[in-house]
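Peer 1: pasting a predicted model and its sequence here:
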2 protein chains.
Amino acid sequence: MASKKTKLSIIPLGGLGEIGKNMTAVECGGDIVVVDSGLAFPDEEMFGVDLVIPDISYLVENRDRVLGILLTHGHEDHVGSLPYVLKSLPVPVFGTRLTLGLVQSKLQEHGLVLHDASKAVRRGETVRLGCIQAEFFRVNHSIPDACGIALHTPAGVAVFTGDFKFDQTPVDGEVADIARLAELGDQGVLALFSDSTNAERPGYTGSESSVGRALAEVIGAAKQRVILATFASNVHRIQQIITAAHQHGRKVAVVGRSMENVVGVATDLGYLKIPDGTLVGIDDMRRFPAEQMVIISTGSQGEPMSALTRMSTGEHRKVEIVPGDTVVFSASPIPGNEKAVARTVDNLYRRGAQVVYDRAAGVHVSGHGSQEEQKLMLNLVRPKYFIPAHGEYRHLILHARTAESLGFPKENIILAENGSVIEVSAQGAAITGKVTAGKVLVDGLGVGDVGNIVLRDRKQLAEDGVIVVMVAVDRDSNLVVSGPDLVSRGFVYVRESERLMEEAKVRIRETLHRSEEKRLTDWSSVKQSVRDVLGKFLYDRTRRRPMILPIVIEV
Amino acid sequence: MASKKTKLSIIPLGGLGEIGKNMTAVECGGDIVVVDSGLAFPDEEMFGVDLVIPDISYLVENRDRVLGILLTHGHEDHVGSLPYVLKSLPVPVFGTRLTLGLVQSKLQEHGLVLHDASKAVRRGETVRLGCIQAEFFRVNHSIPDACGIALHTPAGVAVFTGDFKFDQTPVDGEVADIARLAELGDQGVLALFSDSTNAERPGYTGSESSVGRALAEVIGAAKQRVILATFASNVHRIQQIITAAHQHGRKVAVVGRSMENVVGVATDLGYLKIPDGTLVGIDDMRRFPAEQMVIISTGSQGEPMSALTRMSTGEHRKVEIVPGDTVVFSASPIPGNEKAVARTVDNLYRRGAQVVYDRAAGVHVSGHGSQEEQKLMLNLVRPKYFIPAHGEYRHLILHARTAESLGFPKENIILAENGSVIEVSAQGAAITGKVTAGKVLVDGLGVGDVGNIVLRDRKQLAEDGVIVVMVAVDRDSNLVVSGPDLVSRGFVYVRESERLMEEAKVRIRETLHRSEEKRLTDWSSVKQSVRDVLGKFLYDRTRRRPMILPIVIEV
């Protein structure tokens, strides 16, 4: 055991070379702890997929050695896969109160509860799991109670920043624990695993409290109702909106399921302070004139079913946008959502609202540190080995360059990928192997049953639709007794393409006759001929390639 | 006729409240001219659609009165629908030499030629069409030979800016014709129809020549090969790259079909000046060391099949990215392309390239004027009525606000939509009616045969796939003689879901038995029952809603 304990393995299972589904396994002396258990949202090629979670085969294979899951903060990309992961890996979970509060509310929806040995920790507290001691330390992020985690192991200390920024004027006054980071650095850190999200941005990220001032100005200047959309989990943002509304003598209503949920949890746990009488139910809004109302809503990303999107299209049951309303997007579009957000802005303007969505308006800041903060983290922790994490590949590369610019030796910067086994010890560091890692797709109740074949089929169906060709043949004579009949969906509007379909039938009939003449009974080859002939005919005539499903039924 | 000639109707058929497919009909005294004939690219919900073109029913209905199509410049969003439009509306086309050159090359691919009366015009020239005189005037844009068009009609002058910026140091030295715009303004302009694209951007758009300097720096500093991706039609950009390459003793290869095409056309027409011996074929590249090569490529938008994208994934047959290569994105991502561009950047980094894609690098400027240029246009032309055009709804609104900030009376600013009949005369302006206008979808060879029903089906197929249920029934007894058989695609991976499919068959059999017992022969109602029962069963078990196609074949 002694020799095993002199080295530490860091195994990212998600979050490297991608945004989201952050999860990292850490092993030392035979013990495994897991940092975070996030999800990602499907990219545009993953038709019909709801969520993407990490492949945890490696953890399941080593389940007896997995001692717990440590959570840095309560965002979906760090905790969202827990309802799936805990089903096959029912281990204790550790995180701060707000993090666990949000997790519990999510688990409840799935009919799950936390393992009895789970525990809410305070920032600064340490949890012992086998030979590993996990120290949670304070960082700033766009959700309260966010932590980094320093794992003290027999092989040395590994620091996981989680998502972080250094906010000198955070809304709750809780500045990231710079002193402790410096102390860890003084004592010697073997490896730093650090947030690369904003590696493209020079300078510092603005303080959350600067957003509060900008929002208060917008609310103060508005003559009528103000509707603000932001991320539900940004409790400090919500706090600042409520405070500003109260200062301007306005009531606040909360709209959207996730917003109502987070406001409930955060209020219950004491993270949100709402002045008495400020919060009003959505149905009570009409009792107050427009100039006395603020609405906090979901939908800052233009999500199709969200409250703000439905307001923008006139489909929200409770809130109708009217001229004079001011709508504020207190968020930036996440890459991929730009068009959806723009469409929502357009629709809000169409209804006569004044819309504040410009970056220059100062109504949003990122929750991730920019280059100067990434440098500060590196300079405080001064790790022997540096692993850029949490980001797409270019972010990891740029974060590595930032470290090089500080004098970090290139050979001590490890560009890994999901599944890489990164072994670090006082003697050196190397990627020594690879474990199973990847994407598991969640579609409805199915976890992992949508794979490449299903996605490829969905893509073809999406682009050119489907044509079913049915033929009934006599079991004894092998002669066609009925059909071919054609049914198509998503290919052409059939009523206007009757001739095309009739001609298609003629081609199929010819193919079938040839098979009959040859007395073919190998239906799979007959089907293949139909597919070939019909596919070629339709491509020549339409330049489309619908999926062709020939079906032979023997009667 | 006299009274008819005192008013002018402007009828936008595309480009208002949307990006692309710009087309505007202008009527006076019974004569119709059309300004531009563009296309748009499908949005993400338009599965399988290749292009979107304007609905020209109105023009076709009035074909006898349509005297010609006037083109402002050669971009797809202003000329791209011509191959479709000219088929049903074979009228003369007018534009500058480069514009017509690009159009002709496009028409050729469709086996079409320009109407004999078509004519290449010089900037400054006027064309007479019925009672309308079309004066082409110089503007700056991200393609050479760009024009605005002043229509002199008996009812007054209407100015169409096309896409424009005011570039004080354009690459070809041809500054927008500010003097003529001021003169038109002095003489009195009834209506201005002006480019709103950059209505969100304060200040001035940078000069194209500033990009030339930045690109020359990048090329000068590069130690190995430099690959630059930009829009094929940006001939001035290409010119600047070629000039810089030549100055640094490098050869230039051109990669990508549209890039080769535009370079060919622009060189033939004299718009590109390529120093002798500078251009080399892609196959001759190997004869030159990496530090002597520059490659100009398509793919600046991360388009899946483009040259740069294929290089980034190692799938380009001629160009392999190697460490030391510098790749420059001399373009901004068009909204909606952000993720594709980011993916390409990631892949290029993975292959070891240095990638220059940051806005701060100065390697791209917009072709559209920002707010200050929009103001300058308004102040020069001083129209009686102002119609913000070319942009999504928020751009039109913001452009209108810009005009208001200059003192334009709100009631003289007309916010129209596609199909609006805007009547302007010395006496007043109003939207007096609506003509057919909208999107016609092009999918392969089909123009307009993909409509809402087909798209809705494709969406359902994309999300949850399809299940075909086949049953053969005896024509006389109405009893099931074969089946039910199930075939699914894009729903679940069937090999791993055999039990689900077996259970589904049981449910269908039960449904069919009930129908048999009731001696139902109304197959459409039997099919509906199968659809309902199976749909509910599958939703309960999977939370998915595949398209269900029950097929009954009588034998």
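Peer 2: Arrived safely.

Peer 1: number of residues surrounding the closest residue to chain B within the stretch 1-150 of chain A?
Peer 2: The nearest approach of the stretch 1-150 of chain A to chain B comes at residue A:48, 3.8 Å away (CB to the nearest CB). Yep, even glycine has a C-beta here, placed from its N, CA and C like the rest. Residue A:48: 25 surrounding residues under other CB atoms under 10 Å in any protein chain shown.

Peer 1: residues in contact with residue A:404?
Peer 2: By CB atoms under 8 Å, 6 or more residues apart in numbering or on different chains, the contact list for residue A:404 reads A:410, A:413.

Peer 1: sheet-wise, list the partners of the longest strand anywhere in chain A with their directions.
Peer 2: Longest strand in chain A, counting residues (DSSP state E): strand A:480-489. With DSSP bridges as the test, strand A:480-489 is paired with strand A:466-473 (antiparallel).

Peer 1: quick one: the strands in the stretch 251-400 of chain A?
Peer 2: If DSSP state E, counting those that start in this stretch is used as the criterion, the strands of the stretch 251-400 of chain A fall at A:251-255, A:293-297, A:326-329, A:354-356, A:383-389.

Peer 1: with respect to chain B, which of the ones you listed lies nearest?
Peer 2: Using CB to the nearest CB, these put strand A:354-356 closest to chain B, at 7.1 Å.

Peer 1: in JSON lines: the strands of the stretch 251-400 of chain A, plus mean neighbour count.
Peer 2: JSON lines is the format used below for the strands of the stretch 251-400 of chain A (neighbours: other CB atoms under 10 Å in any protein chain shown):
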{"stretch": "strand A:251-255", "mean neighbour count": "22"}
{"stretch": "strand A:293-297", "mean neighbour count": "26"}
{"stretch": "strand A:326-329", "mean neighbour count": "25"}
{"stretch": "strand A:354-356", "mean neighbour count": "20"}
{"stretch": "strand A:383-389", "mean neighbour count": "26"}
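
Peer 1: adding distance to chain B and mean pLDDT, write the ones you listed out as CSV.
Peer 2: CSV is the format used below for the strands of the stretch 251-400 of chain A (distance: least, CB to the nearest CB, whole Å; pLDDT from 0 to 100):
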stretch, distance to chain B, mean pLDDT
strand A:251-255, 23, 97
strand A:293-297, 19, 97
strand A:326-329, 12, 97
strand A:354-356, 7, 96
strand A:383-389, 12, 98
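
Peer 1: would you turn these into JSON lines with distance to residue A:234?
Peer 2: Output for the strands of the stretch 251-400 of chain A, formatted as JSON lines (distance: least, CB to CB, whole Å):
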{"stretch": "strand A:251-255", "distance to residue A:234": "13"}
{"stretch": "strand A:293-297", "distance to residue A:234": "10"}
{"stretch": "strand A:326-329", "distance to residue A:234": "13"}
{"stretch": "strand A:354-356", "distance to residue A:234": "17"}
{"stretch": "strand A:383-389", "distance to residue A:234": "22"}
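
Peer 1: between the ones you listed, which gets nearest to residue B:514?
Peer 2: Closest to residue B:514 of the strands of the stretch 251-400 of chain A is strand A:251-255 (CB to CB; 45.7 Å).

Peer 1: work out for me the element the residue of the stretch 1-150 of chain A closest to chain B sits within.
Peer 2: Per DSSP states H and E, residue A:48 falls between elements, in no helix or strand.

Peer 1: who are the contact partners of the closest residue to it other than its chain neighbours?
Peer 2: Among residues not flanking residue A:48 along the chain, residue B:463 sits closest, at 3.8 Å (CB to CB, 6 or more residues apart in numbering or on different chains). Each residue near residue B:463 by CB under 8 Å, 6+ apart is listed here: A:47-48, A:458, B:544-545.

Peer 1: 10 Å instead?
Peer 2: The contact partners of residue B:463, by CB atoms under 10 Å, 6 or more residues apart in numbering or on different chains, come to A:47-50, A:443, A:458, A:461-462, B:490, B:544-547.

Peer 1: now swap in residue A:205 and tell me
Peer 2: Contacts for residue A:205 (CB under 10 Å, 6+ apart) come out as A:140, A:165-167, A:198, A:365-373.

Peer 1: switch the cut-off to 8 Å
Peer 2: A:165, A:167, A:198, A:365-370, A:373.

Peer 1: helices of the stretch 1-150 of chain A, start to end?
Peer 2: For the stretch 1-150 of chain A, the helices defined by DSSP state H, counting those that start in this stretch cover A:57-61, A:76-79, A:82-88, A:97-109.

Peer 1: sorry, that was for the stretch 451-555 of chain A
Peer 2: Going by DSSP H, counting those that start in this stretch, the stretch 451-555 of chain A shows helices at A:452-464, A:498-517, A:523-542.

Peer 1: residue A:280 against residue A:288, yeah?
Peer 2: Yes. Counting by CB atoms under 8 Å, residue A:288 is a contact partner of residue A:280 at 7.0 Å.

Peer 1: got the helices of the stretch 451-555 of chain A as TSV, with distance to residue A:475 and mean pLDDT columns?
Peer 2: Listed next are these as TSV, based on distance: least, CB to CB, whole Å; pLDDT from 0 to 100:
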stretch	distance to residue A:475	mean pLDDT
helix A:452-464	30	95
helix A:498-517	14	89
helix A:523-542	11	91
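
Peer 1: for residue B:85, find the nearest of the ones you listed.
Peer 2: Nearest of those to residue B:85, taken as CB to CB: helix A:523-542 at 20.8 Å.

Peer 1: hmm, who's touching that closest one?
Peer 2: Here helix A:523-542 has contacts from A:467, A:469, A:473, A:484, A:491-492, A:500, A:503-504, A:507-508, A:510-512, A:514-515, A:520, A:544-546, A:548, A:550-552, B:443-446, using CB under 8 Å, 6+ apart.

Peer 1: and the angle from the helix or strand harbouring residue A:191 to strand A:383-389?
Peer 2: Using DSSP H and E, residue A:191 falls within strand A:189-195. Strand A:189-195 runs at 20 degrees relative to strand A:383-389, counting by axes from the mean of the first three to the mean of the last three CA atoms, to 10 degrees.

Peer 1: the inter-axis angle of the helix or strand that comes right after strand A:189-195 versus strand A:293-297?
Peer 2: Remark: after strand A:189-195, the chain's next helix or strand is helix A:208-221, criterion DSSP H and E. Interaxial angle, helix A:208-221 versus strand A:293-297 (the same axes, to 10 degrees): 140 degrees.

Peer 1: starting at the chain centroid, how far to helix A:208-221?
Peer 2: From the chain centre to the centre of helix A:208-221 is a distance of 28 Å (CA atoms, centre = their mean, to the nearest Å).

Peer 1: show me what that helix is packed up against.
Peer 2: Counting contacts by 3 or more CB pairs under 8 Å, 6 or more residues apart in numbering or on different chains; DSSP states H and E, helix A:208-221 packs against strand A:226-229, helix A:235-247, strand A:326-329.

Peer 1: just put the ones you listed in a markdown table and tack on distance to residue B:261.
Peer 2: Putting the helices and strands packed on helix A:208-221 into a markdown table (distance: least, CB to CB, whole Å) gives the following:
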| stretch | distance to residue B:261 |
| --- | --- |
| strand A:226-229 | 44 |
| helix A:235-247 | 50 |
| strand A:326-329 | 41 |
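
Peer 1: most tightly surrounded among the ones you listed?
Peer 2: Ranked by mean neighbour count under mean count of other CB atoms under 10 Å in any protein chain shown, these are led by strand A:226-229, which reaches a mean of 28.

Peer 1: give me the three-state assignment for the nearest residue to residue A:382 once chain neighbours are set aside.
Peer 2: Nearest residue to residue A:382, sequence neighbours excluded (CB to CB, 6+ apart): residue A:185, at 4.4 Å. Of the three states, residue A:185 takes helix under DSSP: H, G, I helix; E, B strand; the rest coil.

Peer 1: how many residues are close by whichever residue of the stretch 101-250 of chain A sits closest to chain B?
Peer 2: With CB to the nearest CB as the measure, residue A:200 is the residue of the stretch 101-250 of chain A nearest to chain B, at 6.9 Å. For residue A:200, the neighbour count with other CB under 10 Å is 19.

Peer 1: then residue A:492?
Peer 2: Residues near residue A:492, counting by other CB under 10 Å, number 26.
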